[in-house]
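J.: Curious how this folds, go ahead:
(chains A and B)
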Amino acid sequence: MTGTLTVSRDGVGARAFTDLGTGVLGVAILSFLLAVTLLLQWTGPGTEVFGVTVFSVLGTGLLLGGLGLVVEGLVSRAGVVGTTPDHTPGLVTATVAAVAAAAVAGLFLSQTLGWEGLWFVGPAGLPIGVPAGWSPVALLVGSAVGALTATAREDLGATLPFGGLVALGGALIATGAIGVGWQWNLHDVSAVIHGAQAVPFLAVVLSLVLTWAAAKAREGFGAQGRERAAFMFLGLIAFGMLSVLALVVTYITVRGAGRAFQGFAVGLDGIRWPFVTNGTTFGAETPDGVYPSIVGTVWLVIGSVLFAVPLGVGAAVFLTEYADQGRFTAVVEVATNALWSTPSIVFGLFGYALLVPRIGNRNTLLAGMLVLGFMLLPLVIITARESLKAVPDEYRDASAALGVSRWSTIRSVVLPAAMPGVITGIVLGVGRIAGETAPLILVMAGGLNQDSGSLFSPDLLQGGQALPYKLYAIITAGISGSSEFGWATAFVLLLVVLGFYAIGIGSRLYFRRKLNE
Amino acid sequence: MSNTIETVAGQTTTGETAEERQAEWIEYDFAGDPKIAVEDLNVWYGADQALQGIDLEVPEHSVTALIGPSGCGKSTFLRSLNRMNDRIKSARVEGSVTLDGEEIYRDDINLVELRKRVGMVFQSPNPFPKTIRENVAYGPRKHGAIDRGLIARLRGTDDRDAEAALVERSLRQAALWEEVDDRLDDNALGLSGGQQQRLCIARCLAVDPEVILMDEPASALDPIATAKIEDLIQDLAEDYTVVIVTHNMQQAARISDQTAVFLTGGELVEYGETDQIFENPHSQRVEDYITGKFG
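T.: From the prediction side, this is the model:
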């Protein structure tokens, strides 16, 4: 088709080809969405649509989609619909086909026929010394399929293996061969995979493969087909990621909101929200709450930010604007990065050995703030350095040429320009320290019903509570109702962290607008 | 052609010796004291010598153009006049530069004061990401000439009116006032390239310098914006001493009173009245360069 600008895709045949492609693509996307809802347990495997179980619908869809893809490939190869395939589907496609074929063959031989996986120990009847077992055979099958795919023309190589795979999987699901009652016993680890979980997972993988291949076929293969395929594939993956995020939030909300809002009332005397405003009293008449832990978490974040941000930004300014860029700054950079990836329990131990004996020899909120501040420090330095480096040198030159001193320039031009990046770093760091548990066990945690002061005056030199530690303590305490209490605590922790995020994002927007408008 | 290329490489051609080349150098003579006097200025970047023994005197209230091919050291020379080269770590300067007879390459020189007196406009427009008003008032605010601090504002003693007057005067001088007077509190990055460059000139003027150094101020601009900047430079010469680096020989011929020609290797080959340089250069190499035989 080279030489012509417009690809001739006219005629009844070509239109039917495109329509079939649209249909297969639609089936693939719908299957993906259905499979995701199953995987995230938004719908159960028992759900019925017009009297048919959702698994049957999914399996039939995949089966038809796979067959449709095979038809697309064959029709295109017949050369009657004006597609523009390359002479090879490419190494990536061939590799995917090879891996899929090897997996299918291996699973069939090992699980259905019960072959052993080892070399030289074949099934009964084969002489010792002949390589046998499922792994070499699967390897052979995979290599053969891969080689065939790589040497076939694109319209065959990119459709037949994948259409066959999807149709096979769809048939297994549709006929119930892999269904709700199906089990896969993994003897080595004594685990069982149930059909209810296996089917959605299998369907997600198959529908992704089908989407990728069908998008290629619909656009008539070639560069345009691969472009569309990549777009669809990455789009679905992005959607899947988003739905996982949504699932985490909704799951925690569903499990935790009920308990968290127990006794919630808005009346003439103000808002009553026992879970947030009450302490943990165990068995008292008033409903229990996590007020001390909220206070502890809020003060922990404020304290560590107040401690780490001035130090971190100051260090970043010194390293970027004043220090000679050489071995010293390189060493500091490596050390900062290493510090950021240091496990938090190590920071906890450091605080336990160094800070606790010097601050009243007991677990205190202040020690918790300092330890979390130390943990936050490297991230603030790293992000502040990056954003300072991104400030154009022209600003510094212009300011110097006006006779303005270096420090004055940093304060009024360089730092404001770097501010959005610095705030992004702080926001990321706050997310980490607000959820930190391990070091707090060592340096801060008091008893389960310990107070942490109030939102207006923290008890800096007393032990205290924080939401993640409270969550851990209440779940492991195993008292009655602790599970609901734990979920409600997680929900409140999520709200507190999101609240800090909102503050961070709001201030970043403010600074950005100031720079650009 | 091969001869001239060898000339560019700094080797003697056509039998020319170093002494004869020196003799081509015609001292530019003018009445009165020089605003800036440069004597035997040498600049190195690491081991590379960027300027070789430059002698040059700049008269007050005039436009001096520095022309020459790329990499001939004219920008380096310009940056030596307000010690912006100090900001380049590998740069080393020897020789003498005096401003009104006062040596600027002394250890105890006040760089802030020097750069207030010798302002600079850069090749690409570089306004700060602030409002137009803040850009113009930046220098005076930092130097304390205008106080818009929070304490002064709370006490009601801030210099709001003085600042407004200064901003208007500077923007008028830079021929930008009519275009921006209704949006002084908009971000300067929203201006066009030519407007941004005039804003940078206004920002420089607001500090009330005596000398303005310009490093190819119009090279990133379209012809109309360039014409505006050129008119502006000639107006500025009535009150200020302007030294301008340019790639554009027509521009140098149009706007400057005297022209210095730098050639590759960091030498100043000829310096004189602009008309004389362009119509009747003493040096063969300058004539070759101006007529486009090389460079």
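
J.: Pull the contacting residues for the closest residue to residue A:98 other than its chain neighbours.
T.: Among residues not flanking residue A:98 along the chain, residue A:146 sits closest, at 2.9 Å (C-beta to C-beta, 6 or more residues apart in numbering or on different chains). Bear in mind the C-beta positions are built from the backbone N, C-alpha and C, glycine included. By C-beta atoms under 8 Å, 6 or more residues apart in numbering or on different chains, the contact list for residue A:146 reads A:94-95, A:97-98, A:101.

J.: what about stretch B:207-219, how long is it end to end?
T.: 24 Å (C-alpha to C-alpha, to the nearest Å).

J.: how about the residues of chain B near chain A?
T.: B:82, B:84, B:87, B:89, B:111-116, B:119-120, B:122, B:124, B:126-130, B:138-139, B:142-143, B:186-187, B:189-190, B:200, B:203-204, B:207 (C-beta under 8 Å from any C-beta of the partner chain).

J.: Number of residues surrounding residue A:346?
T.: Other residues near residue A:346 come to 13 when the count uses other C-beta atoms under 10 Å in any protein chain shown.

J.: dump the residue contacts of it.
T.: So residue A:346 contacts nothing (C-beta under 8 Å, 6+ apart).

J.: in which helix or strand would I find it?
T.: helix A:344-350 (DSSP states H and E).

J.: now that helix, how far from the centre of its chain.
T.: Centroid separation for helix A:344-350 versus its chain: 26 Å, with C-alpha atoms, centre = their mean, to the nearest Å.

J.: Next: stretch B:77-89.
T.: Taking mean C-alpha positions (C-alpha atoms, centre = their mean), stretch B:77-89 and its chain are 12 Å apart.

J.: Check what pLDDT residue A:216 gets.
T.: pLDDT for residue A:216: 86.

J.: quick one: it and residue A:226 touch, right?
T.: Yes - assessed by C-beta atoms under 8 Å, residue A:216 is found in contact with residue A:226 at 6.2 Å.

J.: Give me the more crowded residue out of those two.
T.: residue A:216 (33 against 21).

J.: Could you look up the SS state of the more buried one?
T.: Here residue A:216 is recorded as helix under DSSP: H, G, I helix; E, B strand; the rest coil.

J.: List the residues that contact it.
T.: Contacts of residue A:216 (C-beta under 8 Å, 6+ apart): A:158, A:225-226, A:228-229.

J.: what's the farthest-apart pair in these?
T.: Using C-beta to C-beta, the contacts of residue A:216 reach their maximum pairwise distance at A:158 and A:228, which is 12.4 Å.

J.: Of these two, which one has the most company?
T.: Shown here are residue A:158 and residue A:228; by other C-beta under 10 Å, residue A:158 has more neighbours (33 against 19).

J.: Spit out the contact partners of the spatially closest residue to the more buried one that is not a sequence neighbour.
T.: Residue nearest to residue A:158 in three dimensions, not counting chain neighbours: residue A:89, with 4.3 Å by C-beta to C-beta, 6+ apart. Applying C-beta under 8 Å, 6+ apart to residue A:89 gives the contacts A:149-150, A:152, A:154, A:157-158.

J.: Now do the end-to-end distance for stretch A:350-366.
T.: Stretch A:350-366: ends 14 Å apart by C-alpha to C-alpha.

J.: What of stretch A:426-444?
T.: Stretch A:426-444 end-to-end distance (C-alpha to C-alpha) = 22 Å.

J.: same question, stretch A:171-182
T.: 15 Å.

J.: circling back: element containing the residue nearest to residue A:98, please.
T.: helix A:134-151.

J.: Can you pull out the low-pLDDT segments for chain B?
T.: By pLDDT under 70, the weakly predicted segments of chain B are B:1-29, B:31, B:294-295.

J.: Spell out the residue ranges of the strands in it.
T.: B:34-45, B:48-59, B:63-67, B:91-99, B:102-103, B:118-121, B:211-215, B:241-245, B:258-263, B:267-273 (DSSP state E).

J.: Can you convert these into TSV and add a column each for mean neighbour count?
T.: What follows is those, written out as TSV (neighbours: other C-beta atoms under 10 Å in any protein chain shown):
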stretch	mean neighbour count
strand B:34-45	18
strand B:48-59	18
strand B:63-67	27
strand B:91-99	17
strand B:102-103	12
strand B:118-121	26
strand B:211-215	25
strand B:241-245	25
strand B:258-263	26
strand B:267-273	21
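
J.: Can you tell me how far residue A:462 is from chain B?
T.: Taking C-beta to the nearest C-beta, to the nearest Å as the measure, residue A:462 falls 37 Å from chain B.

J.: Confirm that residue sits in a helix?
T.: No - read with three-state DSSP, residue A:462 is coil and lies in no helix.

J.: thought it was touching residue A:446?
T.: Yes - assessed by C-beta under 8 Å, residue A:462 is found in contact with residue A:446 at 6.8 Å.

J.: and chain A, which residues reach chain B?
T.: Counting by C-beta under 8 Å from any C-beta, the residues of chain A that sit close to chain B are A:324, A:392, A:394-405, A:408, A:412-413, A:416-417, A:515-517.

J.: In strands, which of those residues appear?
T.: Using DSSP E, none of the residues of chain A next to chain B sit in strands.

J.: Just the buried residues out of these, in ChimeraX syntax.
T.: To isolate the buried ones among the residues of chain A next to chain B in ChimeraX, judged by 16 or more other C-beta atoms under 10 Å in any protein chain shown, type:
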select /A:395,396,397,398,399,400,401,402,403,404,412,413,416,417,515
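
J.: Looking at the residues of chain A next to chain B, which are in helices?
T.: A:394-401, A:408, A:416-417, A:515-516 (DSSP state H).

J.: and residue A:349, how far is that from residue A:83?
T.: Using C-beta to C-beta, to the nearest Å, residue A:349 is found at 64 Å from residue A:83.

J.: Out of those two, name the residue with the larger neighbour count.
T.: residue A:83 (27 against 16).

J.: Not counting sequence-adjacent ones, nearest residue to the more buried one?
T.: residue A:220 (3.9 Å).

J.: Wait, that neighbour touches residue A:82, no?
T.: Yes - the criterion here is C-beta under 8 Å, and residue A:220 meets it with residue A:82 at 7.2 Å.

J.: With neighbour numbers in mind, choose between those two.
T.: residue A:220 (24 against 16).

J.: Quick check: phi and psi at that one.
T.: Backbone geometry at residue A:220, expressed as degrees, to the nearest 10, gives phi 80, psi 30.

J.: tell me the helices in the stretch 251-400 of chain A, going along the chain?
T.: For the stretch 251-400 of chain A, the helices defined by DSSP state H, counting those that start in this stretch cover A:274-277, A:291-317, A:327-340, A:344-350, A:365-390, A:393-401.
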